[in-house]
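**Student:** What follows is a protein structure lacking sequence information:
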């Protein structure tokens, strides 16, 4: 079950972090912990919103019903204070026309916007790859610490270097969820992550007389 992420909620804070990058440490007979890395890292997120007005509150309530507790999934937008820039060093817009980011309106219709390709995968990469070669177009490139997505999977850049004059290579977290072909589009303007709720009570808010109720949701990556 796929739910459309509500576009009317006003984001107040967002935290994304990977978990499961190692097996729980085990202590040896001398008390020294043994830490074993794994390839099973996945994203967690803690996101807070303000619901300004009737439309936003009803849309959020409908979103919770669409999510069906922990059953449904949605593409959670990954906001970042310092995102990727265009070739002139300007920040890239996160929202589309009328602040709609590929989502339906409250009335049930939406706007279709032209997709701008700024980064593509330069060479095919296999499942579980931890490095990608990229071709840059209208951007200064991905810096360590920045987010991007391929399809509905989120990744972050650990490091970026150029093995030659034309190749931009990045080390990423987590490993690729599936093989990626050469020419695949890399989303740097509006990265997303397919996620589901951690509990069935996420996102509940006061139904009383609060003018702008606030909600907090914890998500986990849907694998």
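**Tutor:** That came through fine. Please read all numbers here as calculations on a predicted model, not as lab measurements. Numbers count the residues shown, from 1 in each chain.

**Student:** Which residue, neighbours along the chain excluded, lies closest to residue 73?
**Tutor:** Nearest non-adjacent residue to residue 73, counting by C-beta to C-beta, 6 or more residues apart in numbering: residue 222, 4.4 Å away. The way it works is simple: take the backbone N, C-alpha and C, and place the C-beta from them, glycine included.

**Student:** Might one say that the one you found is in contact with residue 197?
**Tutor:** No: proximity of residue 222 to residue 197 does not meet the contact threshold set by C-beta atoms under 8 Å, at 9.8 Å.

**Student:** what lines up beside the least confident helix or strand in the chain by mean pLDDT in the sheet?
**Tutor:** Taking mean pLDDT, DSSP states H and E as the measure, the chain has strand 26-27 as its least confident helix or strand, at a mean of 78. Using DSSP bridges, strand 26-27 pairs in its sheet with strand 33-34 (antiparallel).

**Student:** roughly how far is the strand it pairs with from the heart of the chain?
**Tutor:** 32 Å (C-alpha atoms, centre = their mean, to the nearest Å).

**Student:** same question, stretch 116-136
**Tutor:** Relative to its chain's centre, stretch 116-136 lies at 17 Å (C-alpha atoms, centre = their mean).

**Student:** go on, stretch 80-94?
**Tutor:** The mean C-alpha position of stretch 80-94 is separated from the chain mean by 16 Å, C-alpha atoms, centre = their mean.

**Student:** Check whether residue 180 really touches residue 124, as I assumed.
**Tutor:** Yes: using C-beta under 8 Å, residue 180 is in contact with residue 124, at 6.7 Å.

**Student:** Give the residue from those two that has the larger number of neighbours.
**Tutor:** Remark: of residue 180 and residue 124, residue 180 carries more neighbours, 20 against 13, as counted by other C-beta atoms under 10 Å.

**Student:** where's the more buried one relative to residue 127, distance?
**Tutor:** For residue 180, the distance to residue 127 equals 9 Å [C-beta to C-beta, to the nearest Å].

**Student:** now do residue 207
**Tutor:** 45 Å.

**Student:** remind me which residues of this structure are low pLDDT?
**Tutor:** Low-confidence segments of the chain, defined by pLDDT under 70: 93-114, 208-211.

**Student:** For this protein, which segments are assigned as strands?
**Tutor:** 2-3, 10-19, 26-27, 33-34, 42-50, 73-77, 119-121, 131-136, 147-150, 153-161, 168-173, 185-186, 192-197, 214-221 (DSSP state E).

**Student:** who's in contact with residue 26?
**Tutor:** Contact analysis of residue 26 by C-beta atoms under 8 Å, 6 or more residues apart in numbering lists 33, 34.

**Student:** Test of understanding: give the bridge partners of it.
**Tutor:** residue 34.

**Student:** Counting neighbours, which bits of stretch 152-164 end up buried?
**Tutor:** By 16 or more other C-beta atoms under 10 Å, the buried positions in stretch 152-164 come out as 152, 153, 154, 155, 156, 157, 160.

**Student:** Tabulate those (JSON lines), appending distance to residue 120.
**Tutor:** JSON lines is the format used below for the buried residues of stretch 152-164 (distance: C-beta to C-beta, whole Å):
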{"residue": "152", "distance to residue 120": "17"}
{"residue": "153", "distance to residue 120": "16"}
{"residue": "154", "distance to residue 120": "18"}
{"residue": "155", "distance to residue 120": "15"}
{"residue": "156", "distance to residue 120": "19"}
{"residue": "157", "distance to residue 120": "16"}
{"residue": "160", "distance to residue 120": "16"}
